[in-house]
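**Student:** next one to model:
(one chain, ligands or ions: 1)
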Amino acid sequence: MAFEMVGVVGLGTMGAGIAEVFARAGLRVIGVEADADALARGRGHLERSTQRAVDKGRLAGADRDSILGRITLTTSREDLRAVDLVVEAIPEVLDYKLSLFADLDRICKPETVLATNTSSLSVTAIAAATGRPGRVIGMHFFNPAPVMGLVEIVSTVLTDPALVPELSELAARLGKTPVVVGDRAGFVVNRLLLPYLNQAAVLMEQGMAARDDIDAAMRIGVGLPMGPFELLDLIGLDTAYEVMGVLFDETRDRRHAPAPLLRELVSARLLGRKSGRGFYGDEPRPREPEKSTVITFALVGEDVGELAERLDAAGFRSGDDPDVILRTADRPVIEHAVQLQDPAKLVGVRLVGNRVAELAATVLTSQEAVRAARDLMKVIGMTPVACRDRAGFVTDALLYPYLNDAVRMYDTGYASIGDIDAAMRLGCGYPVGPFEMLESIGLAVVRDGLRALYAEYREPAYAPAPLLDQLVTAGVRAFPRA
Ligand code: 3HC
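**Tutor:** Residues are numbered from 1 along each chain as shown. Predicted coordinates for the structure are as follows:
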């Protein structure tokens, strides 16, 4: 089937982005919104996004005009009569979608494909409510749609199998990589991404670490394009909350229960970028803690090499009566602290990459020692990430369960290793996919880290996936790829 004219219903951030993607690929687009005000906002999204590309020198002014010229905006669904495909991107309320799909079913020609960009609802339920379930499919884009290179094509048990390659080809024509998945809550990306984002909110709420420290750990330390709170603000906290609710309903995994903090922010209509404020807003930046003037330290533990060299190069020397005792560690350090004459001085330190130092404060560590450790790390060019002395500190506590979830997802047969890796790279801009990351960290290291998390939290989902455990036991260092 040739897709030449498409309808996009709902011109919020995602819908407008999707309309832009189609128009950029040369297709004619009819964008539909509920009323004149919403339509004006949709037009604003389209104009700003394309203007931004012009300002950056990525798009010629004339090309922008032709892109916008290919998009017709209307408030009448009836205008979708002749389109080949409709992509729906309206709010995530099943009743709204069912009523829209009933209208589309009536209005559009029989061969028109009806696609939903839902992040959380069942595509099967939407398909089953139409008179053309074989021609209903999920086409899930990622925010910002013009930038992210993935489209999840969600095929249900009702979908006409011939449609799947057609829509995959269309995604490729849009410059996106299609990954074909079945209709399970969260598909591939949201199923792996959202529990990690939710967990970040839980950690912050538990006082494990501060917002900016968690974001810095994941962005600067791990190399993700955004920290979890920056990304939650981009996605929209209402969307994140809805996806978590649906995941929880399907899995009953308590890690998927939306963090209470998310509910609180959503109730307050602090939804992230779309409402101007979410985890971040226009609040004044927290003041930098005052720097200690003279810092003396002792560095103990294994693998002190790189830290010792950096501290030495910055002119710091170990002292006899240190302000802070830094103990290199990848596990809680309280056992070491209690052996000391002055446990208040002990701070666990672990490097994440070569730019972040996690600093673990025990229940006995003094604020002065934490401040001294923070200052020291800054002076040697590391971003300090202060956290509590808990298994996994910040990065492992967030990363390892995500890696474990990816292994479990593969092991259930839902998606291949290649598809999961590609989905996370292209859908979220991750530098590598979870299996590539597992192999670069080391399967045994991740397995052992998960065991430590499990021992501390007794959280069933932290127990290493049986496949991971078996590969480590078998001495295998890479996942079997077809
Ligand atoms: N609209 C259009 N284009 C945009 C844009 C937007 N909102 N934001 C950024 N861009 C473009 C810029 O114009 C720029 O293009 P250029 O290279 O042609 O000039 C490019 O993207 C890079 O932008 P910037 O240099 O301004 O900013 P960054 O380098 O910081 O990148 C980012 C911004 C692309 C958003 C990057 O931070 C990123 O990849 N973040 C991760 C986003 C992510 O994970 N998305 C998926 C969320 S999950 C989801 O959407 C599913 C849903 O169901 C919940």
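**Student:** return the residues of the protein in contact with the ligand.
**Tutor:** 49, 52-53, 56, 58, 119, 142-144, 146-148, 190, 193, 225-226, 231, 235, 239, 427-429 (Cβ under 6 Å from any ligand atom). The C-beta positions use only the backbone N, C-alpha and C, and glycine is treated the same way.
**Student:** this protein: strands as residue ranges?
**Tutor:** With DSSP state E, the ranges of strands along the chain come out as 5-9, 28-32, 71-74, 85-88, 113-116, 136-140, 150-155, 177-182, 297-300, 324-328, 346-352, 356-361, 383-388.
**Student:** could I have the CA atoms of the second one written out in PDB?
**Tutor:** Backbone C-alpha positions of strand 28-32 (Å, rounded to 0.1, in the frame of the first residue of the first chain) are rendered in PDB as follows:
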ATOM      1  CA  ARG A  28       0.900  15.200   2.800                       C
ATOM      2  CA  VAL A  29      -0.500  15.500   6.400                       C
ATOM      3  CA  ILE A  30      -3.900  16.500   7.700                       C
ATOM      4  CA  GLY A  31      -3.500  17.500  11.400                       C
ATOM      5  CA  VAL A  32      -6.700  17.400  13.500                       C
END
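**Student:** what's the angle from it to strand 5-9?
**Tutor:** Using axes from the mean of the first three to the mean of the last three Cα atoms, to 10 degrees, one finds that strand 28-32 and strand 5-9 are set 20 degrees apart in direction.
**Student:** same question for strand 28-32, mean pLDDT?
**Tutor:** In this model, strand 28-32 has a mean pLDDT of 98.
**Student:** pretty sure residue 35 contacts residue 75?
**Tutor:** Yes: if you go by Cβ atoms under 8 Å, residue 35 and residue 75 touch, sitting 5.9 Å apart.
**Student:** which one's more surrounded, the two?
**Tutor:** Just comparing residue 35 and residue 75: by other Cβ atoms under 10 Å the higher neighbour count belongs to residue 75, 13 against 8.
**Student:** could you check the pLDDT of residue 308?
**Tutor:** 88.
**Student:** meant to ask about residue 317, not that
**Tutor:** If you check residue 317, the pLDDT there is 76.
**Student:** roughly how far does it sit from residue 299?
**Tutor:** 10 Å (Cβ to Cβ, to the nearest Å).
**Student:** go on, residue 404?
**Tutor:** As for residue 404, its distance to residue 299 is 32 Å (criterion: Cβ to Cβ).
**Student:** what do you get for residue 448?
**Tutor:** According to Cβ to Cβ, residue 448 and residue 299 sit 24 Å apart.
**Student:** those two: who's more crowded?
**Tutor:** Set residue 448 next to residue 299 and count neighbours by other Cβ under 10 Å: residue 299 wins out with 19 against 16.
**Student:** tell me what the more buried one is bridged to.
**Tutor:** residue 326 (DSSP bridges).
**Student:** wait, it sits on residue 311?
**Tutor:** Yes: in terms of Cβ under 8 Å, residue 299 counts as a neighbour of residue 311; the distance is 6.9 Å.
**Student:** list the residues that contact residue 333.
**Tutor:** Going by Cβ atoms under 8 Å, 6 or more residues apart in numbering, residue 333 touches 327, 346, 347, 348, 360, 362, 389.
**Student:** please redo it, this time with the cut-off set to 6 Å
**Tutor:** The contact partners of residue 333, taken as Cβ atoms under 6 Å, 6 or more residues apart in numbering, are 327, 348, 360, 389.
**Student:** likewise for residue 401?
**Tutor:** With contact taken as Cβ under 6 Å, 6+ apart, residue 401 is in contact with residue 462.
**Student:** one more: residue 265?
**Tutor:** Under the contact definition (Cβ under 6 Å, 6+ apart), the residues listed for residue 265 are residue 237.
**Student:** cool, residue 450 as well?
**Tutor:** Neighbour list for residue 450: 400, 404, 462, 464 [criterion: Cβ under 6 Å, 6+ apart].
**Student:** quick one: the last one from the ligand, how far?
**Tutor:** Think residue 464. Residue 464 sits at a distance of 26 Å from the ligand (criterion: Cβ to the nearest ligand atom, to the nearest Å).
**Student:** that residue contacts residue 445, correct?
**Tutor:** No: using Cβ atoms under 6 Å, residue 464 and residue 445 do not qualify as a contacting pair, with a distance of 11.4 Å.
**Student:** between these two, point out the one with more neighbours.
**Tutor:** Here residue 464 and residue 445 are set side by side on neighbour count (other Cβ under 10 Å), and the busier one is residue 464, at 24 against 14.
**Student:** now do the contacts for the nearest residue to residue 317 once chain neighbours are set aside.
**Tutor:** If you skip the residues right next to it in sequence, residue 317 has residue 296 as its closest partner in space, 7.5 Å away by Cβ to Cβ, 6 or more residues apart in numbering. Contacts were defined as Cβ under 6 Å, 6+ apart; by that measure residue 296 touches 319, 322, 323.
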